[in-house]
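Chemist: sequence first, predicted coordinates after that:
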Amino acid sequence: MRLFKFFSFWLTLFSLSICLFNLAGYNDKNLLLFFTSPILWFLEDYSSFLMRFISYQSLIWLDYFLNIYFWCYVGLFIDSIVHASKRKKIKVYLIRIGIISFVFFLLSVMFYTFHNTEKAISNILRHPDKYNEQTVLLAVNKSAEEGYEDKYIDEMEMILQKTKSKDVFISVVSVLGRIGTPQSIKMIIENYNGDPTTISYSLASNENTVISMLDLNQSQDMISAGIEAAKFLGFSSFIQPLRNIENNHPNKEIQEKASAVLQQLNLNPKKNNPKFNID
């Protein structure tokens, strides 16, 4: 009966009931768990990082633990104020829990910092088969955020060739478009999966790069990729470079490719891609 006098008992019971309610499947999208767990508000961004290493189900169990842990601590804090006679004993519990929390926090920060270094991201990009889809996706985006994505352009191509995830494919194409070099655009063209929506923006935002790929001084493979990009986009700015290839390139096959795209462009040239409104 003494337990019923303590807030720590009732708040722990409250948090436990929320977890059980969520576990039973009645809490759509974990909203009730989230809104009754202030500690989870601060860990929302951190959860995507944790999913590199643990499954979604394991993450939910961690959320349950943190929810119960938080409300138990809040209850003990209130009890230390309300129950003066038990204050000394309760403070000992609070101090112990506080120390454990602080150590856990420091270890988490160290763990997070270590695994978000370029070395860790590099390892994921070089060995995507060892990690889940979410991990690879985060590594690709992280490399772009930190500005060293161009150092791993070969790794990006390998991911394009192997991934079965549309989200990963789109993210890598977006990063290659951001790099914006002839080599990265060539990779996009060579790994085109037949869905125009996956590459449209990245190509259209690199019109000048595609034009540079149509220069006679470029390699045959690069020019061929440039012609394919010009065919896909249909911009009028490609007409003159393609005409130059048609008339002056030594390879007949390349000349014929350029000629075919020129015929298409002359029928319906575009100044830009209206879908993306790029000048």
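Modeler: Perfect, thanks for sending it.
Chemist: show me where pLDDT drops low in the stretch 101-250 of the chain?
Modeler: For the stretch 101-250 of the chain, the stretches flagged by pLDDT under 70 are 101-102, 104-116.
Chemist: now do the helices in it.
Modeler: 118-126, 133-146, 153-162, 166-179, 182-190, 200-204, 207-213, 220-233, 239-248 (DSSP state H, counting those that start in this stretch).
Chemist: mind putting those helices in a markdown table, distance to residue 90 included?
Modeler: C-beta here means a position set from N, CA and C on the backbone, and glycine is covered the same way. Output for the helices of the stretch 101-250 of the chain, formatted as a markdown table (distance: least, C-beta to C-beta, whole Å):
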| stretch | distance to residue 90 |
| --- | --- |
| helix 118-126 | 41 |
| helix 133-146 | 41 |
| helix 153-162 | 53 |
| helix 166-179 | 49 |
| helix 182-190 | 61 |
| helix 200-204 | 58 |
| helix 207-213 | 66 |
| helix 220-233 | 69 |
| helix 239-248 | 78 |
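Chemist: how near is residue 167 to residue 198?
Modeler: 10 Å (C-beta to C-beta, to the nearest Å).
Chemist: neighbour count winner among the two?
Modeler: For the pair residue 167 and residue 198, the greater number of neighbours falls to residue 198 (18 against 13), based on other C-beta atoms under 10 Å.
Chemist: how close does the nearest residue to the more buried one once chain neighbours are set aside sit to residue 200?
Modeler: Leaving aside its chain neighbours, residue 198 sits nearest to residue 170 (5.3 Å; criterion: C-beta to C-beta, 6 or more residues apart in numbering). Residue 170 is 11 Å from residue 200, where distance means C-beta to C-beta.
Chemist: please apply the same query to residue 145.
Modeler: With C-beta to C-beta as the criterion, residue 145 and residue 200 are 23 Å apart.
Chemist: now swap in residue 162 and tell me
Modeler: 23 Å.
Chemist: more neighbours, those two?
Modeler: Set residue 162 next to residue 200 and count neighbours by other C-beta under 10 Å: residue 200 wins out with 17 against 11.
Chemist: from residue 178, how far out is the more buried one?
Modeler: 15 Å.
Chemist: I'd guessed residue 218 sits against residue 185; true?
Modeler: No. Look at residue 218 against residue 185 with C-beta atoms under 8 Å: they stay out of range, at 11.6 Å.
Chemist: how far away is residue 147 from residue 71?
Modeler: 41 Å.
Chemist: residues contacting the residue lying closest to residue 232 once chain neighbours are set aside?
Modeler: Once flanking residues are discounted, residue 232 sits nearest to residue 203: 6.1 Å by C-beta to C-beta, 6+ apart. For residue 203, the contacting residues are 177, 185, 188, 210, 229, 232, 233, by C-beta atoms under 8 Å, 6 or more residues apart in numbering.
Chemist: same thing with residue 40?
Modeler: 33, 34, 63, 66, 67.
Chemist: residues near residue 85, how many?
Modeler: Residue 85 has 7 nearby residues by other C-beta under 10 Å.
Chemist: so what's it scoring on pLDDT?
Modeler: What the model reports as pLDDT for residue 85 is 71.
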